[in-house]
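Chemist: I'd like to go over a predicted model; first the sequence, then the structure.
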Amino acid sequence: MQKKLLLSLCLAASVLLSSCGAEETSRNGPLSRRYYHYFDTVSTVYCYGSASDEEFGKNVDEISTILEKYHIFFDIYHEYSGVTNLCTINKNAGGEPLAVDPELFDFLRLCIGLYDETDGKMNVMMGSVLSLWHDCRQEASGHPENASIPSDERLAEAAKHTDITLLELDESNLTVRISDPLASIDVGAVGKGYAAERAADYLRTAEGGENYVLDIGGNLRIMGAKPDGSPYRAAVKDPMNPDGAAAAVLSLEDVSCVTSGVYERYFTVDGRSYHHIIDPDTLYPSERFLSVTVVARDSGSADALSTALFCMSLEEGMALAGERGDFQALWITPDGRLHMTDGLVMAQ
Amino acid sequence: MMKGSGTRFADILLIGGLLAASLLWLFVSRADGTEGGMAVVAVNGQETGRYPLDTEGEVALNGGTNILVIEDGKARVSDADCPDKLCVRQGEIYRTGQTVTCLPNRLTVTIEGKKGEADLYLP
């Protein structure tokens, strides 16, 4: 007992001693605060400017409130008292229309727009199919020996309940209804980015809101340039070697950027890995790319487009980028090659 | 009550040995010296410790929920009590901004301060 205590004391001493040498490093870095519970992922708010702790604290509290609000709206696993969220809407599928908060309504309207813009590749009504894969991923994580993938029959059956028109929005009454009891909504591919953009809306008008970078579960929302006026340098992982040197370093200023990669969330069955980006056409993880990175002004668009591009061919994606002109992209194909739109700026 | 009065010689040896070991862990830099990167540990968003990457060693984090290993200028979580062990699977980190996360224990290890190739790291 005593010895254990002494051991801890020695360890504590070494930690204390080591922190002495590190304060300088800490002061040179950005102010930051990290959250663990929003959108089942890690979110970090950075301030690269010269904000006081008090000012940073105030802004980061506001951002936290915004993230929490959308976390609650988008949660498909839990209901919250006094709020009609996506879980409530899913549970009520096939029932009466539900009145929702205007902000959630705005978001759902945008989701229907995204479906049209991406030729159906970004479909928030894929819930029935995604939940089959999600359940397998959860099971594999807890009991790797039981790992399995959903049967083709179950996938095909679930896919009958994914039509975007099953999501009914009533503009005049601000109500929402899913008309098919077996259908469900899942906004995992767009929710985090959308929430990041709402936090960015706040920062744009906030006092001392300059020089922030939001990392909402990997969705980067970069406000302006660095305090010295230079762009930020953002590293894109090499999917072949995620721990190694970056595949590319992008030069980014006042934009959003997100990468979807096969190495992020996956599980393994019989030596084959299955990641989390499900192609609505094949109902299987898309095997077209190892990662897709999208740079766009709007973080919600960047998030949704990275998933959509993952599920279309390089040619279709390039064509979409040319047509829209409001985003840049970097694709890494299974052969390890990089493909990018003309406007993507690499760091020197 | 007075049974354990007077610290035994063996205990002094143990304390001395442990102190020497932890100091060694701190100050024995590798010959080829990396440039001052730190593995910064945060639990519940609060920083709980900093460990220089140019040392070698192993430390129990958060009361033992996660084990941090630093060797060859890289940090990794070698073991954890969480069910999914995703933190262990995330492997080695060494570049500024790289993070290993253990969501169940609300713990992160982030590389700070080393002159890196980028300011930000995409997932």
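Modeler: In hand now; what should we look at?

Chemist: going forward, measure contacts between C-alpha atoms and count neighbours the same way
Modeler: Noted.

Chemist: mind listing the helices for chain B?
Modeler: If DSSP state H is used as the criterion, the helices of chain B fall at B:9-27, B:86-89.

Chemist: So what touches the last one?
Modeler: Residues external to helix B:86-89 that are found in contact with it (CA atoms under 8 Å, 6 or more residues apart in numbering or on different chains): B:R76, B:V77, B:S78, B:D79, B:A80, B:V100, B:T101, B:C102.

Chemist: Run through the bridge partners of the fifth one.
Modeler: When bridges are called by DSSP bridges, B:A80 pairs up with B:N66.

Chemist: one step back: from the contacts of helix B:86-89, which ones fall inside strands?
Modeler: Among the contacts of helix B:86-89, DSSP state E puts B:R76, B:V77, B:S78, B:D79, B:A80, B:V100, B:T101, B:C102 in strands.

Chemist: and which of the residues you listed is nearest chain A?
Modeler: Closest approach between those and chain A, by CA to the nearest CA: B:T101, at 7.9 Å.

Chemist: coming back round to it: for the ones in strands among the contacts of helix B:86-89, which single residue is the most surrounded?
Modeler: The most neighbours of any of the ones in strands among the contacts of helix B:86-89, using other CA atoms under 10 Å in any protein chain shown, belong to B:V77, which has 28 neighbours.

Chemist: I figured that one hits B:I67, correct?
Modeler: Yes: using CA atoms under 8 Å, B:V77 makes contact with B:I67 at a distance of 5.5 Å.

Chemist: Just give the number of residues close to the nearest residue to B:D81 once chain neighbours are set aside.
Modeler: Distances taken as CA to CA, 6 or more residues apart in numbering or on different chains place B:T65 nearest to B:D81, at 5.4 Å, with adjacent residues excluded. The local packing of B:T65 (other CA under 10 Å) involves 15 other residues.

Chemist: before we move on, what about the one 10 residues further on?
Modeler: By the other CA under 10 Å criterion, the neighbourhood of B:A75 contains 29 residues.

Chemist: Could you check how far B:S78 is from A:V45?
Modeler: According to CA to CA, to the nearest Å, B:S78 stands 28 Å off from A:V45.

Chemist: same thing with A:L283?
Modeler: 35 Å.

Chemist: ok, the two, which is more surrounded?
Modeler: Under the criterion of other CA under 10 Å, the comparison of A:L283 against A:V45 puts A:V45 first, with 23 against 19.

Chemist: my read: that one touches A:N211, true?
Modeler: No: with contact defined as CA under 8 Å, A:V45 does not reach A:N211; the gap is 10.8 Å.

Chemist: which ones are touching the nearest residue to A:Y232 once chain neighbours are set aside?
Modeler: With sequence-adjacent residues excluded and distances taken as CA to CA, 6+ apart, A:Y232 is closest to A:L252, at 5.2 Å. Residues counted as contacts of A:L252 (CA under 8 Å, 6+ apart) are A:I222, A:A225, A:P231, A:Y232, A:R233, A:A234, A:V345.

Chemist: Out of the residues you listed, who's the most crowded?
Modeler: A:I222 (26 neighbours).

Chemist: my guess is that residue meets A:E210, correct?
Modeler: No: using CA under 8 Å, A:I222 is not in contact with A:E210, being 9.8 Å away.

Chemist: A:V345 and chain B, how far apart?
Modeler: Distance, A:V345 to chain B, by CA to the nearest CA, to the nearest Å: 14 Å.
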